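Enquirer: just need the structure, nothing else, for what follows:
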Amino acid sequence: MQSRRIGDVTVGAIGLGGMPMSIEGRPDEERSIRTIHAALDAGITLIDTADAYHIGADEVGHNESLIARALATYGGDTSGVLVATKGGHLRPGDGSWTVNGSPDYLRQACEASLKRLGVEAIGLYQYHRPDPKTDYADAVGAIRDLLDAGKIRMAGISNANPDQIRQAQEILGGRLVSVQNQFSPAFLSSEPELRLCDELGIAFLPWSPLGGISKASELGGQAEKFASVAERYGVSPQRVCLAWHLAKSPVVVPIPGASRPETIRDSAEAAELKLTADDLAELGV
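Expert: The predicted structure follows:
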């Protein structure tokens, strides 16, 4: 698999989003672990998670714990795997999502994630979503303090706009390594953030790169175009979509969610699919 950079770490060009294995409609644990193992077998070395990927209020960190178990039971070398988790987003257990960006909460959330992942330092820790009740500088300042304390090895932000990216880069003293925003053929409004990351040399991690857990077959209403290109190569439209992401910029590392081994294997193959200028013009997104 071709590689990309997140900070000073080399990762495969496609990552694995763990969210579908822990929220509503999730598979049983055995299939989830097989999915993670299949990703590792396929050369995927970035696994994205968050403490908020769970259902009930009594199972915070479900996905982090699942990933830790999968890594511990994998038969191969996992020393090169980068686990990226997030803090600042919460699920109270009633189906809703809330936010808490207070420095005290982020410190507590990081400590809890460290224990669930079973590591001394988290590879990449990201501020999950801005909290309107907390000054953005204070929240990112807490991430900086975690970085300085050695609790995390790298720092990122998620769901950020260009001003917040610049602000975070300043607060972190030039050590911002990633921005994780929604981006797909169905959701192109993060193009300015992608371009800024390209300019600054910061990894851009599109979440829901295929358009969402239940909409991957639609590809943002562009399924017919992607299917046309896919037919020429004898591959799935979803693989073409991920290759389209990679063609956007060398800083892009898509993190498609998966809950079945076969889907993550197909996604991983996108790293080897080279789209031509004519292909990209035909896609037109």
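Enquirer: you'd agree E272 is up against G12?
Expert: No - using Cβ atoms under 8 Å as the test, E272 is too far from G12 to be in contact (10.8 Å). (C-beta placed from N, C-alpha, C; glycine too.)
Enquirer: looking at these two, which is more packed in?
Expert: Taking neighbours as other Cβ atoms under 10 Å, E272 and G12 compare with G12 leading, 23 against 14.
Enquirer: torsion angles phi and psi at the more buried one?
Expert: When read as degrees, to the nearest 10, the backbone of G12 gives phi -60, psi 150.
Enquirer: surely it meets L40?
Expert: No - judged on Cβ under 8 Å, G12 makes no contact with L40 at a distance of 9.9 Å.
Enquirer: for the closest residue to G123 other than its chain neighbours, give me its contacts.
Expert: In space, and not counting its chain neighbours, G123 is closest to L82: 4.5 Å by Cβ to Cβ, 6 or more residues apart in numbering. Residues in contact with L82 (Cβ atoms under 8 Å, 6 or more residues apart in numbering) are 6, 9, 11, 45-47, 123-124.
Enquirer: how about a cut-off of 6 Å?
Expert: 9, 11, 46, 123 (Cβ atoms under 6 Å, 6 or more residues apart in numbering).
Enquirer: beta partners of T85?
Expert: Y125 (DSSP bridges).
Enquirer: scratch that, G12 is what I was asking about
Expert: Going by DSSP bridges, G12 forms beta bridges with S3.
Enquirer: the strands in the stretch 51-200 of the chain, which residues?
Expert: Using DSSP state E, counting those that start in this stretch, the strands of the stretch 51-200 of the chain run over 82-87, 89-90, 98-99, 124-127, 155-158, 176-180.
Enquirer: need these in JSON lines with mean pLDDT and distance to R69, can you?
Expert: JSON lines is the format used below for these (pLDDT from 0 to 100; distance: least, Cβ to Cβ, whole Å):
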{"stretch": "strand 82-87", "mean pLDDT": "98", "distance to R69": "12"}
{"stretch": "strand 89-90", "mean pLDDT": "94", "distance to R69": "22"}
{"stretch": "strand 98-99", "mean pLDDT": "96", "distance to R69": "27"}
{"stretch": "strand 124-127", "mean pLDDT": "98", "distance to R69": "20"}
{"stretch": "strand 155-158", "mean pLDDT": "98", "distance to R69": "24"}
{"stretch": "strand 176-180", "mean pLDDT": "98", "distance to R69": "24"}
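Enquirer: need the ones you listed in CSV (columns: distance to P254).
Expert: Supplementary listing: the strands of the stretch 51-200 of the chain in CSV, determined by distance: least, Cβ to Cβ, whole Å:
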stretch, distance to P254
strand 82-87, 13
strand 89-90, 20
strand 98-99, 25
strand 124-127, 16
strand 155-158, 14
strand 176-180, 11
